[in-house]
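Engineer: Okay, here's the prediction I keep looking at, along with the sequence it came from:
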Amino acid sequence: MRKIVASLSVVLMLAAAAVAQEKMKDAPKSGHEGMAKAGGAKSDAAVIAKATSAAPPDIARNAAVMGAGPDGKMKEVRAGTNGWMCMLDLAGDSMCLDKEWQAWGDAWMNKKDPPKPKTVGVAYMLKGDKGASNTDPYATKPTADNQWVVSGPHIMILPTDASQLDAYPTDWSKGGPWVMWKGTPYAHIMVPTTSMAKSAKTEKKAADKK
Ligand SMILES: [Cu+2]
């Protein structure tokens, strides 16, 4: 019996090696195909590494991973087992979302009304973001009046009822929790886990340009 198992595993190993060789042949010679992926990441492995860096390892390890394919559409790069989904978006920002946030994200990307959360939603962006307007969910760059804010590491909270947002200011400069995109269907609470100094600098630069 042992002999059969041993020879079977040799056959499997050979088969795996053959598949690997076949894959190598298909691999693009230049990096261009890979570069077309979200955030300039080069491979699925790079997308997974970057996307999962947004959450504590205990969550990220078993999370599903989404990244943009060459066509710009989001696709699953790795299946998950714990209900969390880590994503590398087109801007190159990484985030890990629970179920409530996944529904929210889907609505935001498709410009639909998000479903009312059944429980409080939690999302991690422990690598921060490249910047967002605090008033316009679809702004892609700073303007004179769209309150552009670059956030360091933070957690995001979706309350079960929009009225709960009233407990927090929309001013991020104090460094505590604040409401982003208030008055839109995508309003949520941003909870910085470090100083907002980087954002203050960006804001000053924008103000100096005026
Ligand atoms: Cu965020």
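Structural biologist: Here it is on my side, so go on.

Engineer: mind checking pLDDT for the single nearest residue of the chain relative to the ion?
Structural biologist: At 4.0 Å from the ion, Met125 is the closest residue in the chain, using CB to the ion. Any C-beta I mention is one placed from the backbone N, CA and C, and that applies to glycine too. Per-residue pLDDT puts Met125 at 98.

Engineer: what about it, how many residues close to it?
Structural biologist: 22 (other CB atoms under 10 Å).

Engineer: Tell me who's in contact with it.
Structural biologist: By CB atoms under 8 Å, 6 or more residues apart in numbering, Met125 lies in contact with 54, 93-96, 151, 153-156.

Engineer: Mind putting those residues into JSON lines with pLDDT and distance to the ion?
Structural biologist: Shown next, in JSON lines, are the contacts of Met125 (pLDDT from 0 to 100; distance: CB to the ion, whole Å):
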{"residue": "Ala54", "pLDDT": "98", "distance to the ion": "9"}
{"residue": "Asp93", "pLDDT": "94", "distance to the ion": "8"}
{"residue": "Ser94", "pLDDT": "96", "distance to the ion": "10"}
{"residue": "Met95", "pLDDT": "97", "distance to the ion": "6"}
{"residue": "Cys96", "pLDDT": "98", "distance to the ion": "11"}
{"residue": "Ser151", "pLDDT": "95", "distance to the ion": "6"}
{"residue": "Pro153", "pLDDT": "97", "distance to the ion": "10"}
{"residue": "His154", "pLDDT": "97", "distance to the ion": "6"}
{"residue": "Ile155", "pLDDT": "98", "distance to the ion": "8"}
{"residue": "Met156", "pLDDT": "98", "distance to the ion": "5"}
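
Engineer: which bits of this protein sit near the ion?
Structural biologist: Where the chain comes near the ion, counting by CB under 5 Å from the ion, the residues are 125, 156.

Engineer: what ranges do the helices span in the chain?
Structural biologist: For the chain, helices defined by DSSP state H occupy the ranges 2-26, 32-35, 44-52, 57-60, 99-109, 197-209.

Engineer: Spatially, which two of the contacts of Met125 are the most separated?
Structural biologist: Maximum pairwise distance among the contacts of Met125 (CB to CB): 15.2 Å, between Cys96 and Ser151.

Engineer: Please consider this matter closed, and thank you.
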